[in-house]
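K.L.:
Provided below for reference: sequence and predicted model.
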Amino acid sequence: MCEACANALPPAPQAVRRRLWEVSLGSHCSVVGTCLTLADLRALSRKLNLSVREGFPVDYQLHGYFAQNASKGERAAKLLNKLLDRRHAAAIRRARALKSERELEAYWSEAKEAGDIPGPYWAILTHPAVTRDLSEIMFADVHMLLHLVGASNRADIRRLGRFEEQVAVLEEKLATQQRRHRQRVDSRDRTISALQTELRLATERPREAVKPTAFLSDEPAPQRDTSADIARLEARAARSAAIIDDQQSRIDELTQALVTLREENRALELALLRENPEEDSGCPFDLGGRCLLYVGGRQKMVPHLRSLVEAWNGQLIHHDGGKERSIDELAGAVVKADAVVFPTDCVSHGAALKVKRLCRQSMKPYFPLRSSGVASFVAGLREGLDDAGVATATTGFIE
């Protein structure tokens, strides 16, 4: 037998894509754990009326059940196969045009470099031209990636805890400042009231009674000039009003900052958990296969954002805003996208202006984000897509 024949996996009927139970037996666990979310498995378990063992991690039981039954070709495996094809339709369409093992290897290398693992992994693993060697290489890559992702998720959870602590500190500071401002406002009101009383008395004070001996004198009775007192009191009142306005503006800024932090904290929590018990989909959005262009931001955050968008049934492409890639490539990227987002704190002024101009010319929505963090991305995308009608948030995402 030739080396190529020994290396090839069993051919799929009529060179069509393999189904889940036709791939290598050792790959089912990695497919279930990498290409589907925990919310997907919970939704399928409800369709199959599965029962779980009390007092034992539910997600671990579901993962074990579906990984074990993926190779049997029965109802559970068929539902898994259908969901995988629907979830990763974009990657399957791209892989369909590839014919040789070398092209598949290049596609896998590109996917690893971009941090886009779930879709290409499923599309290549079920491709008619995939070989056993390439399948084992992909399995090894995914196995090591799962270790890295687990460590990253733990870091994200710790980061979320720090965010919650920061919000609690901000809330305490805001409450303290509000009490101080209220005391100042009350003191201001008392001062204004006293000044108004003093002003009224100064303007209405009757002339002093003239002594009888004054009639015997030709000199007029002395009169007090109150204009200086009135001017002084009016100046004090104006300064107090200016201080009050400044403090009120500060209170409004702190209140808005607290609201923004709460919204972003909630959005980050849902994005990290990636599940919603009230809905089968478990996603805050259903992008319906649409493509988002992310311009600028921090390079190390792009794989995390792409994973979120993939989980929301969408596709994310990235342009660094001119750091390494030419800014002239933005036009082509905007043409491919259905909407554009960019963090205002991590993108060049020229790239932001060009994005806005290109989006207006092509009549495509764009959403400036407050920062380059995951929380700002989720919160800004939720608000922007709701306003533009590109996607609909589930009831579990907005309280």
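P.N.:
Alright, I've got the coordinates. Predicted, not measured: the structure shown is a model, and the values here were computed from it.

K.L.:
who does the nearest residue to residue 329 once chain neighbours are set aside bridge with?
P.N.:
Leaving aside its sequence neighbours, residue 329 sits nearest to residue 319 (Cβ to Cβ, 6 or more residues apart in numbering; 6.5 Å). Any C-beta I mention is one placed from the backbone N, CA and C, and that applies to glycine too. For residue 319, the beta-bridge partners are residue 295 (DSSP bridges).

K.L.:
per-residue confidence for residue 376?
P.N.:
Looking at residue 376, its pLDDT reads 84.

K.L.:
ok, residue 29 to residue 236 distance?
P.N.:
77 Å (Cβ to Cβ, to the nearest Å).

K.L.:
so which of these two has more stuff around it?
P.N.:
residue 29 (18 against 13; other Cβ atoms under 10 Å).

K.L.:
how far out from the middle of the chain is the helix or strand where residue 91 lies?
P.N.:
Using DSSP states H and E, residue 91 falls within helix 89-96. Relative to its chain's centre, helix 89-96 lies at 26 Å (Cα atoms, centre = their mean, to the nearest Å).

K.L.:
next one: stretch 174-186
P.N.:
Per Cα atoms, centre = their mean, the centroid offset for stretch 174-186 relative to its chain is 33 Å.

K.L.:
residue ranges with poor pLDDT in the stretch 101-250 of the chain?
P.N.:
148-158, 161, 205-225 (pLDDT under 70).

K.L.:
helices along that one, start to end?
P.N.:
Per DSSP state H, counting those that start in this stretch, the stretch 101-250 of the chain carries helices over the ranges 101-114, 118-125, 132-204, 227-273.

K.L.:
could you list the buried residues of the first one?
P.N.:
When you say that, I think you mean helix 101-114. For helix 101-114, the neighbour count (16 or more other Cβ atoms under 10 Å) marks 101, 104-105, 107-108, 111-112 as buried.

K.L.:
and these as TSV, adding distance to residue 362?
P.N.:
Formatted as TSV, the buried residues of helix 101-114 follow (distance: Cβ to Cβ, whole Å):
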residue	distance to residue 362
101	38
104	33
105	35
107	28
108	32
111	28
112	31
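
K.L.:
which of the helices of the stretch 101-250 of the chain is buried the deepest?
P.N.:
Of all those, helix 118-125 carries the top mean neighbour count, a mean of 25, counting by mean count of other Cβ atoms under 10 Å.

K.L.:
between helix 89-96 and that one, find me the angle.
P.N.:
Put simply, helix 118-125 runs at 40 degrees to helix 89-96, going by axes from the mean of the first three to the mean of the last three Cα atoms, to 10 degrees.

K.L.:
and helix 118-125, how far from the chain's centre?
P.N.:
With Cα atoms, centre = their mean, you get 25 Å for helix 118-125.

K.L.:
and the angle for that helix with helix 132-204?
P.N.:
Using the same axes, to 10 degrees: helix 118-125 against helix 132-204 is 170 degrees.

K.L.:
packing partners for the helix holding residue 91?
P.N.:
helix 101-114, helix 118-125 (3 or more Cβ pairs under 8 Å, 6 or more residues apart in numbering; DSSP states H and E).
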